[in-house]
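# 3D, please:
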Amino acid sequence: MRLESEILTLTTKHPFNIARWGSSDYRTVWVRLIDDDGIEGWGEAAPNKFYGETADTVLAALETYQTALPDNPFDLEGAERTWLELMGHNGSARAALSAALHDLAAKRLGVPLYQMWGLNPAEAPRSTYTIGIDTSEKIRQKVAEAEQYPILKVKLGSERDREILETIRGATDKEIRVDANCGWTVKQAVAMLPILEEFDVTVLEQPLVPDDIDRVHGGNVPRHYRRGPLHAAGRHRRSRRRRAPGQRSVPRRHHRQRSGRVAIRPGARRQPGMTAR
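Take a look at the predicted model:
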């Protein structure tokens, strides 16, 4: 088995703006695993600087991972365990390799990947269509373009958060999930909770920077908003601090990158199919 990779530059139809940054151009890495019969499995790495990755770091990581490609394309768990032990972090690079290996295994069997897993696509959890921060006019245009998608994920974390929710609610009655991308302080997040409830938001993702999660646990959030997923996020962070054998040391913030990620409004249940970017 051999590995091939290539950097791709993707341009979005609209600038994709979130609380941390915005851009129309993204560099991803197309990954291909090719077996001795010439069958290819494809994967893609979508690195994010917030997690310490770029397209160039992905290519560098792949140079290391390609020294431990499996002989058997069906050794899925063994391959992923080997890559993690060889070098930790670099999540998008390992995700691309995992996707390519799964794709290759399914192609060896001559079936779609969902059939190899024994899944029914009609019963799969619904994902979301993401709407970035923009002008009210552009947001209404994006909502119209998303007509076929039943759930919207709305980027917040700006000075216009209420206006954005009003604009979207004025254009659709679809389910809304919100992602603030660490754009709020604890005080702002607490102030936004009743507003999210007002606009029937079902999921709040990544409202705070990682270091603020302890302040939330310290009692800054009203009791009736303190639901399981919010507290579980803090415990999840602590459980991930240990590095697997062979993992590289990285800046402290990357050890804690997933803390404070999910909170649910009162009465809402955590729903499947969330996306995160």
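
# Check which helices and strands whatever helix or strand residue 178 lives in is in contact with.
Secondary structure from DSSP states H and E places residue 178 in strand 175-179. Contacts defined by 3 or more CB pairs under 8 Å, 6 or more residues apart in numbering; DSSP states H and E place strand 175-179 against strand 151-155, helix 161-171, strand 201-205. Any C-beta I mention is one placed from the backbone N, CA and C, and that applies to glycine too.

# what secondary structure does residue 24 sit in?
Secondary structure, DSSP: H, G, I helix; E, B strand; the rest coil: residue 24 is strand.

# Now do the same contact list for it.
Contacts here follow CB atoms under 8 Å, 6 or more residues apart in numbering; on that basis residue 24 touches 11-12, 14-16.

# Just put the helices and strands packed on strand 175-179 in JSON lines and tack on distance to residue 129 and mean neighbour count.
Listed next are these as JSON lines, based on distance: least, CB to CB, whole Å; neighbours: other CB atoms under 10 Å:
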{"stretch": "strand 151-155", "distance to residue 129": "6", "mean neighbour count": "23"}
{"stretch": "helix 161-171", "distance to residue 129": "12", "mean neighbour count": "18"}
{"stretch": "strand 201-205", "distance to residue 129": "14", "mean neighbour count": "22"}
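
# isn't residue 29 right next to residue 4, touching?
No. The pair residue 29 / residue 4 is not scored as a contact, 10.7 Å apart, by CB atoms under 8 Å.

# Can you pull the phi and psi angles for residue 157?
Taking degrees, to the nearest 10, you get phi 110, psi 20 for the backbone angles of residue 157.

# Could you report the pLDDT at the residue of the chain most remote from its centre?
Most distant from the centre of the chain: residue 37, at 33.8 Å, with distances by CA atoms, centre = their mean. Predicted confidence (pLDDT) for residue 37: 95.

# measure it to residue 207 for me?
49 Å (CB to CB, to the nearest Å).

# circling back: which SS state does the residue farthest from the centre of the chain fall under?
With three-state DSSP as the basis, residue 37 sits in coil.

# Quick check: phi and psi at it.
Torsion angles, degrees, to the nearest 10, at residue 37: phi -90, psi 0.

# rewinding a little: please save the CA atoms from the strand holding residue 178 in PDB.
The C-alpha coordinates for strand 175-179 follow below in PDB (Å, rounded to 0.1, in the frame of the first residue of the first chain):
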ATOM      1  CA  GLU A 175     -34.600  24.100  13.700                       C
ATOM      2  CA  ILE A 176     -31.700  26.400  14.600                       C
ATOM      3  CA  ARG A 177     -28.400  25.400  16.300                       C
ATOM      4  CA  VAL A 178     -25.800  28.000  17.200                       C
ATOM      5  CA  ASP A 179     -22.000  28.000  17.300                       C
END
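
# Same question for the helix or strand that that strand is followed by: list its buried residues.
Next helix or strand after strand 175-179 toward the C-terminus (DSSP H and E): helix 186-198. For helix 186-198, a neighbour-count test (16 or more other CB atoms under 10 Å) marks 186, 189-190, 192-193, 196 as buried.

# Just to check, residue 182 is in contact with residue 211?
No. Applying CB under 8 Å, one finds residue 182 not in contact with residue 211, separated by 10.0 Å.

# So for these two, which sits in the more crowded spot?
The neighbour count for residue 182 versus residue 211, taken as other CB atoms under 10 Å, is higher for residue 182 (19 against 12).

# Next, work out how far apart that one and residue 18 are.
For residue 182 relative to residue 18 (CB to CB), the value is 9 Å.

# can you check residue 159 too?
Counting by CB to CB, the gap from residue 159 to residue 18 is 14 Å.

# Okay, and residue 143 sits in which element?
helix 136-145.

# Run through the neighbouring helices and strands of that helix.
Against helix 136-145 (3+ CB pairs under 8 Å, 6+ apart) you get strand 129-131, helix 161-171.

# Same list, the ones you listed, but as TSV with mean pLDDT and distance to residue 54 please.
Converted to TSV, those look like this (pLDDT from 0 to 100; distance: least, CB to CB, whole Å):
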stretch	mean pLDDT	distance to residue 54
strand 129-131	96	21
helix 161-171	97	29
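
# Residue 143 is nearest to which of the ones you listed?
helix 161-171 (4.4 Å; CB to CB).
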